[in-house]
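Asks: I would like to see how this sequence folds:
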Amino acid sequence: MNKSLLVAEDDPGLRKYFMLILKQKGYEVHGAENGKEALSLLLEKKKFDLLITDINMPVMSGIELIKEINKSPINIPVSVITSIDDIRLIPTLRELGCSIILEKPVTSNELFNMVTNILSKEKKDGCLSSSA
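Replies: Residues are numbered from 1 along each chain as shown. Down below sits the predicted model:
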């Protein structure tokens, strides 16, 4: 059974790049252009094994998305890929439970290794909802 991933990234080129890399590695990948769209997909009871999110997005930021996930019954590891401008948010992300934070630009190997590491662990790292 293929693992299902959700990529929340407002830059369409980056979102397609991340999705292409992960699809080539055999993952089922869905995309969302902002946090609100990602949350909607998660709340529709679609089963995802990992959420990869940007921080700075319109409509709903990655931090707002993670906070909403933490308030919900959704249990999913979350990895953050963000630009250098958002690195100052690392303490906030750590408080929300994130341990996997990658800085853009991300190579295909970095992305694949991060996903493999998270999904291969019995107890998943990343931002976990409070119900985890």
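Asks: List the residues that contact the spatially most central residue of the chain.
Replies: Among the residues of the chain, the smallest C-alpha distance to the mean C-alpha position (CA atoms, centre = their mean) belongs to residue 52, namely 1.6 Å. Taking CB atoms under 8 Å, 6 or more residues apart in numbering as the definition of contact, the neighbours of residue 52 are 5-9, 18, 78-81, 111, 115. C-betas here are computed from N, CA, C, even on glycine.
Asks: For residue 89, state which of those is nearest.
Replies: Closest approach to residue 89 among the contacts of residue 52 (CB to CB): residue 80, at 8.7 Å.
Asks: hey, where'd the helices end up in the protein?
Replies: Across the chain, reading from the start of the chain, the helices by DSSP state H fall at 12-24, 35-43, 62-71, 90-95, 108-120.
Asks: now the residue nearest to the centre of the chain, which residues is it bridged with?
Replies: The bridge-partner assignment for residue 52, based on DSSP bridges, gives residue 7, residue 79.
Asks: Pull up the gap between it and residue 77, please.
Replies: Separation of residue 52 from residue 77 (CB to CB, to the nearest Å) stands at 10 Å.
Asks: Then residue 13?
Replies: Using CB to CB, residue 13 is found at 25 Å from residue 77.
Asks: Which residue is the nearest non-sequential neighbour of residue 34?
Replies: Nearest-residue entry for residue 34: residue 59, 4.1 Å, with adjacent residues in sequence omitted and distances by CB to CB, 6 or more residues apart in numbering.
Asks: Need the pLDDT of the one you found.
Replies: Note for residue 59: predicted pLDDT of 96.
Asks: Verify the stated contact: it with residue 38.
Replies: No. Using CB atoms under 8 Å, residue 59 makes no contact with residue 38, being 10.1 Å away.
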